[in-house]
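Novice: Need a 3D model of the sequence below.
(one chain, ligands or ions: 1)
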Amino acid sequence: MNLLSVDIKKAGYEKEKAIIRDIQFSLSKGELIGLIGPNGAGKSTTIKTILGLMEFKEGEIRFEHPEKYAYIPERPIFYDELTLREHLDFVAAVEELDQDRYKREVEELLRLYKLKEVEHQLPSTFSKGMQQKAMIILALVTRPAVYIIDEPFIGLDPSAVKLLLTSIEEERKRGVGIMMSTHVLDTAEKVCDRFLLVNEGILAASGTLEEIQQQCGLVGGSLFDCFHQIAEGQAHE
Ligand SMILES: Nc1ncnc2c1ncn2[C@@H]1O[C@H](COP(=O)(O)OP(=O)(O)OP(=O)(O)O)[C@@H](O)[C@H]1O
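Specialist: The predicted model follows:
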């Protein structure tokens, strides 16, 4: 059974004004899918549609565990008056996490992501990268079945990127499914099992790197080459 099945016929910000069309894919256990495409292609719109945030949607989105997914947004969102630790405790309470396990894991995550020293400060006063790391540990602590991550790599320093990649690998071993949009194609090429290449609101190519290469007519090409082929509108069906 798929952790997530997506069959978007049309979706947009206003009724009857489709921004994305015919986006179909599924996410299985342990899988990491990269959502790739030029600026304005429809990646964030696809993510928002999956999260049920769009005004206009035709199609079907099915989570195997609808209550167990985590979204890590590109632009961090925090409560103005809660410290990082209060955010974490709040999430643990809302998600009804086992308190012993939560307390153990939260300490480990705060240390690992180098946020222990600022746990009693307001995330709104953190740097952009620290805010991103805070959003990451807020998601990790809930132990979801699926992660939906909007551009995780831009803004994180190289050690934080490495930490995130290690966390992603560990979560995948646990059977978690991850969908991640990114412009960092060399990293995506190395870590993702499959790719969705979105261009002008449609799925221009999808599958493993080999399948994408074939669809682009670029056998042996990099993800970067395939991206350019599609962005220039030269992909073969
Ligand atoms: N809130 C909104 N209201 C109306 N149109 C929007 C809104 N947000 C995005 N759009 C439009 O939807 C289209 C797809 O945008 P989207 O944000 O999904 O692109 P993206 O692939 O995530 O781009 P980027 O790589 O720049 O983040 C664009 O034409 C954009 O102008």
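
Novice: list the helices and strands the longest helix anywhere in the chain packs on?
Specialist: Longest helix in the chain by number of residues (criterion: DSSP state H): helix 158-173. Where contact means 3 or more C-beta pairs under 8 Å, 6 or more residues apart in numbering; DSSP states H and E, helix 158-173 is packed against helix 128-140, strand 177-181, helix 185-191. Where C-beta positions appear, they are placed from N, C-alpha and C, glycine not excepted.

Novice: Might you quantify the distance of the shortest one from its chain's geometric centre?
Specialist: Here strand 177-181 shows a centroid-to-chain-centroid distance of 4 Å under the convention C-alpha atoms, centre = their mean, to the nearest Å.

Novice: ok and that strand relative to helix 158-173, angle-wise?
Specialist: Counting by axes from the mean of the first three to the mean of the last three C-alpha atoms, to 10 degrees, strand 177-181 lies at 140 degrees to helix 158-173.

Novice: Can you list the strands that strand 177-181 pairs with?
Specialist: Under the criterion DSSP bridges, strand 177-181 sits next to strand 32-36 (parallel), strand 146-150 (parallel) in its sheet.

Novice: related to what we said a few turns ago, let me know the angle separating the longest helix of the chain from helix 128-140.
Specialist: Going by the same axes, to 10 degrees, helix 158-173 makes 10 degrees with helix 128-140.

Novice: which residues sit against helix 158-173?
Specialist: 30-32, 112-113, 129, 132-133, 136, 140, 147, 152-153, 156, 178, 187, 191 (C-beta atoms under 8 Å, 6 or more residues apart in numbering).

Novice: Around the ligand, pick out the residues from the chain.
Specialist: 13, 19, 37, 39-45 (C-beta under 6 Å from any ligand atom).

Novice: Show me what the helix-or-strand element of the chain with minimal mean pLDDT packs onto, helices and strands only.
Specialist: Lowest on mean pLDDT, DSSP states H and E among the helices and strands of the chain sits helix 223-231, with a mean of 91. When contacts are defined as 3+ C-beta pairs under 8 Å, 6+ apart, helix 223-231 packs onto helix 185-191, strand 194-199, strand 202-207, helix 209-216.

Novice: secondary structure element for residue 45?
Specialist: For residue 45, the element it lies in under DSSP states H and E is helix 43-50.

Novice: downstream neighbour of that helix in the secondary structure list?
Specialist: That would be, after helix 43-50 and using DSSP H and E, strand 56-63.

Novice: Pull the contacting residues for the most centrally placed residue in the chain.
Specialist: With distances taken as C-alpha atoms, centre = their mean, residue 149 lies nearest the centre of the chain, 1.7 Å away. Applying C-beta under 8 Å, 6+ apart to residue 149 gives the contacts 71-72, 178-181.
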